[in-house]
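> quick one: sequence and predicted model below, then my questions.
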Amino acid sequence: MTSTDIVNMSARPLRLFIACIIWIALSACSSSGGYLPEPASLNAFEPQVQLVKNWSVSVGGNADVAEFTIQPVLLGNAVFAASGKDFRSFSPDTGQVNWQLEFDAPVTSGIGGWMNSYLWLPATVD
């Protein structure tokens, strides 16, 4: 057995592996999707409640800082929201601002709350 035979024998598994990968990739791309079932029809339903928008407020819009999408938190009798360099507390009934803080750096994390007792303030990047 020559060294060329040994090299060819060791290359066979690699060639087989590459051929299998190419075959799998090509067969995945050739699926037509015709075998997919039709989606089920939706059932009719009667709404149980009527939603009404009582108020809305914008907490973003500071063009000087990078904006992040941060969800507000309802905790106790207040809604807390942060955006840009602002952190605000709103009345859930009226949307009026209870209080507001302005940070020196932009807010980069969300607000957290637990059991209507604890509030985590947002972090900023300095």
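On my side now, so go ahead. Note that the structure is a prediction, hence the values are computed from the model and not measured.

> helix/strand/coil for residue 17?
Of the three states, residue 17 takes helix according to DSSP: H, G, I helix; E, B strand; the rest coil.

> again with residue 105
Going by three-state DSSP: residue 105 is coil.

> wait, isn't it in contact with residue 85?
Yes. With contact defined as Cβ atoms under 8 Å, residue 105 reaches residue 85; the gap is 7.0 Å. (C-beta placed from N, C-alpha, C; glycine too.)

> neighbour count winner among the two?
residue 85 (16 against 11; other Cβ atoms under 10 Å).

> please report how far the spatially closest residue to that one that is not a sequence neighbour lies from residue 36.
With sequence-adjacent residues excluded and distances taken as Cβ to Cβ, 6 or more residues apart in numbering, residue 85 is closest to residue 103, at 4.8 Å. Between residue 103 and residue 36 the distance is 51 Å, computed by Cβ to Cβ, to the nearest Å.
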